[in-house]
Every structure is written in structure tokens, then in C-alpha cells.
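Novice: sequence and predicted model, in that order:
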Amino acid sequence: MLSAVLAQPEKFHTAVSVGQQVGEHVGIFAFAVSGALLAVQKKFDIIGIAVLATVTAVGGGIIRDLVIGRTPPIAFTRLSYAVVALAGALLIFCWHPPLRLTRWPLYTTDAFGLGIFCVTGTETAHRSGLGGPSAAIVGVVAAVGGGVLRDLLAGEIPLLLRRDSELYAIPALVGCTATALLIHYGHLDDFTGAIAALAVFALRVLALRYHWHAPQARPHRRR
Amino acid sequence: MLSAVLAQPEKFHTAVSVGQQVGEHVGIFAFAVSGALLAVQKKFDIIGIAVLATVTAVGGGIIRDLVIGRTPPIAFTRLSYAVVALAGALLIFCWHPPLRLTRWPLYTTDAFGLGIFCVTGTETAHRSGLGGPSAAIVGVVAAVGGGVLRDLLAGEIPLLLRRDSELYAIPALVGCTATALLIHYGHLDDFTGAIAALAVFALRVLALRYHWHAPQARPHRRR
Amino acid sequence: MLSAVLAQPEKFHTAVSVGQQVGEHVGIFAFAVSGALLAVQKKFDIIGIAVLATVTAVGGGIIRDLVIGRTPPIAFTRLSYAVVALAGALLIFCWHPPLRLTRWPLYTTDAFGLGIFCVTGTETAHRSGLGGPSAAIVGVVAAVGGGVLRDLLAGEIPLLLRRDSELYAIPALVGCTATALLIHYGHLDDFTGAIAALAVFALRVLALRYHWHAPQARPHRRR
């Protein structure tokens, strides 16, 4: 039996730091919890919770890998990703806050995953040979992708777009740009990467806490 | 003009049994009928029926092929797939049960396609070089993908997630795991594959008939 | 830093005419405007407008590139695409018709993008080595893909399927088939391509203007 890894071009093998691997698993766990919380809100059963948690957790990474041409996407071959996602689903199935209090846990775990995937997404895209601006764009897609799939599957307008979404895309853009700059100047390591991820998280949580909104298009008053 | 087939890596050329080819076409027809029935329920016109039938029928296979890196996906080059899907759409356009009786035909054709695509999806993923567990996961994605796209495009929460969904993912998981085990022990052939597909179908239909449900998360009573 | 372009197989480098490049940018602008108009209708903020405009503008092309195996998709490496899409979003953010008058601008810009992407999508798919019928199918997917993503993300049933959709898929099919035939007989150039795109646009706009509809499945009267 051919190992799937053999099918991957050499460029995807360059060393990934232990910090990044730990980070990816933490991000997957956080996104899985956010997906499971939405599934509980929607009164899905345990299967629905497990599916929505897993899709949220690995969806962004799968889109990222398809975009950079890494097939099969790593989520299909590194099974620890699915295990961590299912652990998040099980946790929320067994214990979750009362329904009317799920909003903040959902938004903060989502923000946490968002921060981490900005950094790992941009870094992975760069490692595959993309230049800085392109890598940052792929990073944004990787970071927001899982949440968009989660919201679509649950029948909601994605947080990314919602009018009351309190700056979802802005923190992601900032984090991915910062990561691309850190890479460009040779300063990306586990420490600076963690700082960038935390900055995204903080920016998003502050926007939620203080209801920062982007401007809406003026309603038209003429006639 | 370059044949599209030339662009495909050698690994996708290993012989596929006649039984599997027949199976794929039957599965495509069944999924097309399920998509067409949902389109009729939604009062789409003949174009909408044809589009939804085709997307349901080939969507899972396209996702599978993108995941394993087989581009262009086979549905774009083997035109018999589209012909069979359109035949299913035409059949339902010309003759369909009264609207209030479409639920069972929709669910049973969907279950039939699900069973077949579990087997062919897992087998195709394995043939592309994936190990057993990874191949089974790709198989699940191939089997449920068409139905998820169908439900999303029609503005419904996917059957895969719905609270009243009566074990949709469980039969798929069982079928793909069984197929991966059959491959591992060298026992997958047209006959055992057909048995596995029928087992998925039977499990799903029994779950529908007897309203087997997975547990829901306890509503929280503590305040 | 490895240029992303180096990662692309040779077949994607054959010369693209200036006319086609101009056309793609015009199509992206038109689709971006249609996405931004829907975002304004939905009362999204400026971020939501920019995101929906960009996804609509480049979504079809990204799906096309994934299908033909061109990774990363050109939208991630040619940044002028994103710039043009954001320009369309900004235009609509600053100036847009009163909400109750957005329907026609949305539908006509969408029809314009549809026409152009039929031609460029089919041509790109053919250049990647696909035969005529397959290239035409990929062209249809490229042409309708952005609009489908736009409608799904905004929580609407895609125009492609909607009962009141006045022949959305038919013009696309006609345009892509015409383009494939022009290629086959060696007559595709900037001029004939523009004619084909305009024919799609005209057919769609006439269908809208005169409410041409495809037949619906007979409601069942037997009981």
C-alpha cells in the first residue's frame, strides 16, 4: 500500500516547528468547540454535533490545501486532527452552557481558532511557494473558511458577512499581513507567531466587547 | 487536441471493474432522482430540476476527485455521468409522485446512492494511494457530498445534520469502514462491494422506518 | 522565495490574448458590482460588501482552476483581480441606487459577467487540455459558480435554480457550446469571443425583460 505521504511533492515536507503543530491542534480544538456549540444551539443530535464540529475544525485547512495544490489535504491523512475535533465535539455534547449563554463561548473559541489559523495558514501557503501577498490571502481564506462552512451548513448567514459581525475580516487581514511581513523579514518563529495569533484574537474580542462596527452603505434618501 | 485523460497521473488508470462502473452509474441515477424530487418539491422549473439532479449526482464524486488530486474530476470527462443524471431528471420531470408523497422516494433513492458511493468512493481513494482510514474518510465525504450540496442549494439544512435525520452519517461510516477492511484483507470484489452498499442502504432505510435517532445534547436546566 | 508561477505546469503558460485579459477584468468588475449590490440589499457593512463582491467576482474562476488542476488558482496570484473586485465594491458602497431599484442593476451586471466568463472559462479549460464538451461544461461551472457562491453566502436560493429565474442556465450553456465550437473550428478570437459573450448577455436580458420561463413539472392532480 502506497503511503499517501509519498504522493505529496517535496515542497510540503520542509520542517514544520513543534510550536506550529501544537498551534494547529489547539486551533482545531477551538474551532471544533465553536462548531459544536452552534450545533447544540440548533438542537442537532450527537452526529450533527460531531459533523459540524469536524467540518468547522478542518474545513479551512482543507480549502487552503486544495488552493495550494496539496492533495490529499493534510486533514485526510493526519488523523490526530479528526481525533482532536471529535474530542471538542464530545466535550460540548457532555457539557455545555445553557443555550442562551452559548453566544460568548462560541464567539471566543471561534476568535481563537481564527487567530491561530491566520498564522498557520499564511505560513503553510508561503512554504508551498507563494509570495507574501498571495500567502496572506490564502491565510485569510484558511482562517475564515471553517467558520463560513459551519454557518452555511447550519443555515446561517456567515459571521464573516453579517451586519452585526463586529469586524470579523479585519482582524484576519491584519493577522495574515503581519505574518507575511514576519516571514518576509525572517522574524517568524513560535513566539512571534503566537503574538500575531493573540493579536487577532484580542482585536476580534475587543470588537465584540465594544461593538465596533464597520460603516454601512448609506441608505438612499433621494426621491 | 490533447486528450484530458493524458493529463491524469498513471495511478488513476489502474483497472476499474465493470461492476464498479455499473455501480457508479446506478448510484448517479439514484442521486439524480433524489435531487430532481427535491427540486420538484421546491417548485423549480425544468432547468432547476436538471441542475439540482446533476449537482446531487456528481457533486460527491467531484469533491472526492479534488481531494485525491485527480483533476479534472472524472465527472467532467466521462460524459455518460451527465447523461445518466439528466435521464434521472427527465424521468422525474415527466413523472413524479404527488408532492406530499415525495419524501419516501427522495429518502430511499438518496440512501441507495449513499450506499453505492460509500463503496466506490473508498475504493477510488484507496486506489489513489491513500491508506485505509484516510480512504474511508474520503469515502464518507464522497458519499455524503452530493446530498449536502443538493440540500444547501435548495436552501435546506443538510439531511446529514438535521435533528430528524435518523442516522445519516452512521450508515455511511459503517459502509466505508467495511469497504476499507474488505480492501485491506483483499476481499473486495463486485459481490462483496454490492453487499456493503446494500447494508448501508438497509441500515439507513431501517433507521427511517423505525425512527432510530442518535441522542441529543441534554437541554441545560441549571441556571 | 519561489515564485508561485514556477509551480504551475507549462500548459497554463500558453499565450492569452490581451483581449481575453481585458475581458476577464471587465467580467470580474461586473460580477463584483452584482455581489456588492446584493450585499447592500442585505444591509451588510463595508466589509461584508467587499467580501461578497470579491467572492462573486473570483469564485467562479477559482472553482474552474481547481477543476482543471491549476493550483494555486490564478485569482490568488494575479492581484489585479482583487483590486478590480474591490474597486467594484467601493463604487457601490459610495454610490448605489435606492434599494427598491437594485434588482435590474444586479441582474444586468450579473448577466454581463456571465457572458464573459462563459467565453474565458471555456477557453481556459480547453487550453488546459480538455476536449470540447468537457471544456464547455467547465465553462458553465466557471460562469455560474461566482453567482451561486454569492447567493448561498447571502442566504438566498441561487438565481441558477430559482423558479422565477428566467433562463439562467440556458444562455450559459449556449454561450459555452458556441465558444467550444468556435475553438474547434479555429475561429475563436477577441472579436468572435466578444460576440459570444454579448449573445449570452442579450439572451439573459431578453429572458428577464420578457419573462421567458422554462416549463415547470406538472403539479400532480391524481390522488
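Specialist: Right, received. Where do you want to start?

Novice: number of nearby residues for A:Ala217?
Specialist: By other C-beta atoms under 10 Å in any protein chain shown, 22 other residues sit near A:Ala217. Every C-beta, even on glycine, is put in place using the N, C-alpha and C of the backbone.

Novice: so it touches C:Val40, yeah?
Specialist: Yes. Proximity of A:Ala217 to C:Val40 meets the contact threshold set by C-beta atoms under 8 Å, at 4.9 Å.

Novice: what about the residue in chain A that chain C sits nearest to, how many residues nearby?
Specialist: As assessed by C-beta to the nearest C-beta, chain C sits closest to A:Gly69 within chain A, at 3.1 Å. Neighbours of A:Gly69 under the rule other C-beta under 10 Å: 22.

Novice: can you classify the closest residue to it other than its chain neighbours by secondary structure?
Specialist: Nearest non-adjacent residue to A:Gly69, counting by C-beta to C-beta, 6 or more residues apart in numbering or on different chains: C:Thr71, 3.1 Å away. Taken by DSSP: H, G, I helix; E, B strand; the rest coil, the conformation at C:Thr71 corresponds to coil.

Novice: next, the contact list for A:Cys118, please.
Specialist: A:139-140, A:142-143, A:171-172, A:175-176, A:179, A:196-197, A:200 (C-beta atoms under 8 Å, 6 or more residues apart in numbering or on different chains).

Novice: what parts of chain A come near chain B?
Specialist: Neighbours of chain B within chain A, by C-beta under 8 Å from any C-beta of the partner chain: A:1-4, A:6-7, A:39-40, A:42-52, A:62, A:66, A:69, A:71-73, A:76-77, A:79, A:82, A:92-93, A:96-99, A:152-155.

Novice: where does chain A have low pLDDT?
Specialist: Applying pLDDT under 70 to chain A picks out residues A:1-15, A:219-223.

Novice: again, 90 this time
Specialist: Flagging of chain A using pLDDT under 90 yields the residue ranges A:1-21, A:95-103, A:162-167, A:213-223.

Novice: enumerate the residues of it near chain C.
Specialist: A:11, A:66-69, A:125-126, A:128-134, A:137-138, A:148, A:152, A:156-158, A:160-163, A:165, A:167-170, A:213-217, A:219-220, A:222-223.

Novice: buried ones only from the residues you listed, please, as a ChimeraX command.
Specialist: Here is the ChimeraX command that picks out the buried ones among the residues of chain A next to chain C, judged by 16 or more other C-beta atoms under 10 Å in any protein chain shown:
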select /A:66,67,68,69,125,126,128,129,130,131,132,134,137,138,148,152,157,158,160,161,162,163,165,167,168,169,170,214,216,217
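
Novice: identify the residues contacting the residue of chain A found nearest chain B.
Specialist: Going by C-beta to the nearest C-beta, chain B is nearest to A:Thr71 of chain A, at 3.2 Å. By C-beta under 8 Å, 6+ apart, the residues touching A:Thr71 are A:7, A:65, B:66-69.

Novice: for it, phi and psi?
Specialist: Main-chain dihedrals, A:Thr71, degrees, to the nearest 10: phi -120, psi 140.

Novice: repeat that for A:Asp45.
Specialist: Given degrees, to the nearest 10, the pair of backbone angles that A:Asp45 has is phi -80, psi -170.

Novice: for B:Thr109, see how far away it is.
Specialist: Applying C-beta to C-beta, to the nearest Å, the value for A:Asp45 to B:Thr109 is 23 Å.

Novice: how about A:Leu79?
Specialist: Separation of A:Leu79 from B:Thr109 (C-beta to C-beta): 32 Å.

Novice: the two: which has the busier surroundings?
Specialist: B:Thr109 (23 against 13).

Novice: the more buried one contacts B:Leu37, doesn't it?
Specialist: Yes. With contact defined as C-beta under 8 Å, B:Thr109 reaches B:Leu37; the gap is 7.2 Å.

Novice: where along chain A do the helices fall?
Specialist: Counting by DSSP state H, chain A has helices at residues A:18-41, A:46-68, A:74-77, A:80-94, A:103-127, A:132-153, A:169-184, A:190-209.

Novice: of these, which is nearest B:Val205?
Specialist: Minimum separation from B:Val205 across these (C-beta to C-beta) falls at helix A:46-68, 17.1 Å.

Novice: quick one, the closest one and helix A:103-127 angle?
Specialist: 30 degrees (axes from the mean of the first three to the mean of the last three C-alpha atoms, to 10 degrees).

Novice: from start to finish, how long is stretch A:122-136 in a straight line?
Specialist: 5 Å (C-alpha to C-alpha, to the nearest Å).

Novice: closest one of the contacts of A:Cys118 to B:Ala57?
Specialist: Sorting the contacts of A:Cys118 by distance to B:Ala57 puts A:Ala142 at the head of the list, at 30.0 Å, by C-beta to C-beta.

Novice: residues contacting the closest one?
Specialist: Contacts of A:Ala142 (C-beta under 8 Å, 6+ apart): A:60-61, A:63-64, A:117-118, A:120-122, A:124-125.

Novice: swap the cut-off to 10 Å and go again
Specialist: A:59-65, A:67-68, A:117-125, A:172, A:176 (C-beta atoms under 10 Å, 6 or more residues apart in numbering or on different chains).

Novice: which one is the residue nearest to the spatial centre of chain A nearest to, not counting chain neighbours?
Specialist: Taking C-alpha atoms, centre = their mean, the centroid of chain A lies closest to A:Ala143, which sits 3.6 Å from it. Spatially, and ignoring its direct neighbours in sequence, A:Ala143 is nearest to A:Phe117 (4.1 Å; C-beta to C-beta, 6+ apart).

Novice: is it correct that that neighbour is in contact with A:Ser34?
Specialist: No. With contacts counted by C-beta atoms under 10 Å, A:Phe117 stays clear of A:Ser34, the gap being 11.9 Å.

Novice: what is the neighbour count of A:Leu101?
Specialist: Neighbours around A:Leu101, by other C-beta under 10 Å: 12.

Novice: A:Ala207 now?
Specialist: Other residues close to A:Ala207 by other C-beta under 10 Å number 19.

Novice: how near is it to A:Leu173?
Specialist: Computed as C-beta to C-beta, the A:Ala207 to A:Leu173 distance reads 13 Å.

Novice: any shared contact partners between those two?
Specialist: Contact with both A:Ala207 and A:Leu173 is made by residues A:Leu167, according to C-beta under 10 Å, 6+ apart.

Novice: who's in contact with A:Asp164?
Specialist: Contacts of A:Asp164 by C-beta under 10 Å, 6+ apart are A:157, A:211, A:213, C:45.

Novice: I'd say A:Leu86 and A:Thr54 touch.
Specialist: Yes. Between A:Leu86 and A:Thr54 a contact is recorded at 6.7 Å, counting by C-beta under 10 Å.

Novice: what about those two, which has more around it?
Specialist: Each of A:Leu86 and A:Thr54 has its neighbours counted (other C-beta under 10 Å); A:Thr54 has more, 25 against 18.
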